[in-house]
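# Predicted model and sequence follow; I will ask about them next.
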Amino acid sequence: MTFRAPTSYPDGVTDDVSAAPLPPTARHRRGLVNAESIVQYLTALGVVALVTFAALLSKPLIPPEAAALVFLLSVVLLGLFVRRGPTLFAAAISALLWDFFFLPPIYAFRIRRFEDAMLFGIYFVIALVLGHLTARLRAQQDAERQQHRLEMLTASERLSKTLMDSMSHEMRTPIAVIQSATSQLARLVDQGSPESTKAMIAEIEEATGRLNRLVSNVLDMTRLTSGAVRPRLNECDVAEVVHLTVAENEGEMAGHPVTVEISPGLPIIQMDFVLMQQALGNLLSNASRHTPPGTPIQIAACVEHGEMVLRVVDHGPGVSAELLPRIFDKFFRAPNAPTGGTGLGLSLVKGFVEAQGGRVTAENGAGGGMIFSIRMPLPKPQPTL
């Protein structure tokens, strides 16, 4: 193997790679690291100086051994905030200052007695070990925090990719329906066919509703994942939430007989009206889409075991026992689920309900179908005077 010496050119230019200047970004980063190191060393020196001054003021009251403990404490505390180098620097400086000001002969870097020499040696070793261990612990905690951030970033990127893949796949169907219906509608208008025109308009409205629901679910999941959902808890009437949600989902549940049972005298509870309406609406949408046409859907509101319970019961195929614990997971879809959808609806229900301090459960009905129960805590009774 042969090595070529760097070639020199006029004006002192060389092709030696090692002599090439660092990029501006690398130089800036190295400058920041050096500046931070200088600040940490100065901080360590300043803390040791302050501790020395305080120990000197207390010198008539405390023996040299107590002053050593004060110095050790300062080294340990420094290790929680600065890197290993400044911590060991503080340990060494504190040992020398302790010897200079507290061990006889005072104001000299000499030790006469064997006991003082042994005490100084023990202090020096303990200070170095404690400084090293504390700095190591801090470095380990920093590494764990960095690993946690990396895991969160990876999970966020994975979720974003899954959401984009799901949206790109699921949006094709309603968009294709809208495009086809729009082109046919234009031809029907020219031909003057009112009945067919109404049918095409209904298809456009249905496809637009699916597209709107898809986009809303994705946006809501993004808000939940990023922690942007802040519930506004107010006193709400459960019956009003139920009736309004049923009315807004009436078109989607048109193929199912719907019954509503609300126990009389339900108390007013603290909840976010909009979030609860979205959660209940997602349960009704899930029931209408995953059950055969003509099967009933029941909605009930009652008080059970000190909780307000909103219950949605359907009569579909249900979910197998081994898959039931995953039913609220993101993107979960049962094997017998119909085409379309992103698998976010029930996950959003769980997120919206838990954001308000409640919980949601799912179980298979005794005669088939699913039973979803939203449980909210009742208000605490006011103390009587």
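Sure, I can see it.
# ok, now how distant is Arg136 from Val47?
19 Å (Cβ to Cβ, to the nearest Å). Glycine gets a C-beta too; all of them are placed from N, C-alpha and C.
# Settle it for me: which of the two has more neighbours?
A count of neighbours by other Cβ atoms under 10 Å puts Val47 above the other of Arg136 and Val47, at 20 against 13.
# Parallel or antiparallel, which strands does the helix or strand containing Glu261 pair with?
Following DSSP states H and E, one finds Glu261 within strand 258-262. Partner strands and pairing direction for strand 258-262 (DSSP bridges) are strand 297-304 (parallel).
# Check which residues of the helix or strand following the strand it pairs with are buried.
Counting by DSSP H and E, the next helix or strand C-terminal to strand 297-304 is strand 307-313. Residues of strand 307-313 classed as buried under the neighbour-count rule (16 or more other Cβ atoms under 10 Å) are 307-313.
# so what does the next helix or strand after strand 307-313 touch, helix or strand wise?
Later in the chain than strand 307-313, the nearest helix or strand by DSSP H and E is helix 345-355. Secondary-structure packing of helix 345-355 (3 or more Cβ pairs under 8 Å, 6 or more residues apart in numbering; DSSP states H and E): helix 194-226, helix 273-289, strand 359-364, strand 370-377.
# So which elements touch the third one?
Okay, so that is strand 359-364. helix 345-355, strand 370-377.
# could you dump these to a markdown table with mean pLDDT?
Formatted as a markdown table, the helices and strands packed on strand 359-364 follow (pLDDT from 0 to 100):
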| stretch | mean pLDDT |
| --- | --- |
| helix 345-355 | 89 |
| strand 370-377 | 94 |
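# Of all these, which one comes closest to Ala301?
Nearest to Ala301 among the helices and strands packed on strand 359-364 is strand 370-377 (9.4 Å), distances taken as Cβ to Cβ.
# The strand holding Glu261 vs strand 307-313, what angle?
170 degrees (axes from the mean of the first three to the mean of the last three Cα atoms, to 10 degrees).
# Put the alpha carbons of stretch 128-147 into PDB.
Only the C-alpha atoms of stretch 128-147 are listed here, as PDB (Å, rounded to 0.1, in the frame of the first residue of the first chain):
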ATOM      1  CA  LEU A 128     -13.600  12.200  43.000                       C
ATOM      2  CA  VAL A 129     -15.700   9.100  43.300                       C
ATOM      3  CA  LEU A 130     -18.900  11.000  44.300                       C
ATOM      4  CA  GLY A 131     -18.300  13.500  41.500                       C
ATOM      5  CA  HIS A 132     -17.800  10.700  39.000                       C
ATOM      6  CA  LEU A 133     -20.800   8.800  40.100                       C
ATOM      7  CA  THR A 134     -23.100  11.800  40.200                       C
ATOM      8  CA  ALA A 135     -22.000  12.900  36.700                       C
ATOM      9  CA  ARG A 136     -22.400   9.400  35.400                       C
ATOM     10  CA  LEU A 137     -25.900   9.300  36.800                       C
ATOM     11  CA  ARG A 138     -26.700  12.600  35.200                       C
ATOM     12  CA  ALA A 139     -25.300  11.400  31.900                       C
ATOM     13  CA  GLN A 140     -27.400   8.200  32.100                       C
ATOM     14  CA  GLN A 141     -30.600  10.200  32.800                       C
ATOM     15  CA  ASP A 142     -29.800  12.500  29.800                       C
ATOM     16  CA  ALA A 143     -29.300   9.400  27.600                       C
ATOM     17  CA  GLU A 144     -32.700   8.000  28.800                       C
ATOM     18  CA  ARG A 145     -34.400  11.300  28.100                       C
ATOM     19  CA  GLN A 146     -32.900  11.300  24.700                       C
ATOM     20  CA  GLN A 147     -33.900   7.700  24.100                       C
END
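# contacts for that stretch?
72, 75-76, 78-84, 87-88, 90-92 (Cβ atoms under 8 Å, 6 or more residues apart in numbering).
# Okay, buried residues for that stretch please.
Buried, per 16+ other Cβ under 10 Å, within stretch 128-147: 128, 130-131, 134-135, 138.
# pLDDT of the longest helix seen in the chain, averaged?
The residue-count maximum for a helix in the chain (DSSP state H) belongs to helix 114-170. Per-residue pLDDT over helix 114-170 has a mean of 73.
# Also stretch 277-284?
For stretch 277-284, the mean pLDDT works out to 92.
# from the chain's centre, how far out does that stretch sit?
24 Å (Cα atoms, centre = their mean, to the nearest Å).
# now swap in stretch 264-274 and tell me
In terms of Cα atoms, centre = their mean, the centre of stretch 264-274 is set 29 Å apart from its chain centre.
# Could I get the buried residue list for that stretch?
Applying 16+ other Cβ under 10 Å to stretch 264-274 flags 266, 269, 271-273 as buried.
# of the residues you listed, closest to Arg232?
Asp272 (5.2 Å).
# Name the nearest residue to that closest one, sequence neighbours excluded.
In space, and not counting its chain neighbours, Asp272 is closest to Pro231: 4.1 Å by Cβ to Cβ, 6 or more residues apart in numbering.
# repeat for Ala90
What sits nearest to Ala90 in space, not counting adjacent residues and going by Cβ to Cβ, 6+ apart, is Ala44, at 4.0 Å.
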